[in-house]
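[1] here is the input, now give the coordinates:
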Amino acid sequence: MAHPEFQVSTGKDDKFYFNLTAANGQVILSSQGYFSKILYLRGN
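    Residues are numbered from 1 along each chain as shown. This is a model prediction of the structure:
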């Protein structure tokens, strides 16, 4: 597993979320919810 790494998931609200993890596996950043994967990838 390369670090830092983005991990993408879908929440119970069907929005897309991502976490950025450090080399030790600790989450260092969490995103807001995005309605579509396109918006999440563009950062809108």
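[2] ranges for the helices of the chain?
    Secondary structure of the chain by DSSP state H: the helices cover 37-42.
[3] which regions of it sit below the pLDDT cut-off?
    For the chain, the stretches with pLDDT under 70 are 1-2, 37-44.
[4] let me see the backbone angles for the residue of it most remote from its centre.
    Relative to the centre of the chain, the most outlying C-alpha is that of Asn24, 17.1 Å out, by CA atoms, centre = their mean. Dihedral pair for Asn24: phi -90, psi 0, per degrees, to the nearest 10.
[5] mind checking how far it is from Val8?
    If you measure Asn24 against Val8 using CB to CB, to the nearest Å, the figure is 20 Å. Backbone N, C-alpha and C define where each C-beta goes, glycine included.
[6] do the same with Ala22
    Distance, Ala22 to Val8, by CB to CB: 17 Å.
[7] tell me the contacts of Gly25?
    The contact partners of Gly25, by CB atoms under 8 Å, 6 or more residues apart in numbering, come to none.
[8] could you number the chain from 15 rather than 1 from now on?
    In the new count, where the first residue is 15, that last one comes out as Gly39.
[9] next one: it from Gln21, what distance?
    Counting by CB to CB - Gly39 and Gln21 are separated by 10 Å.
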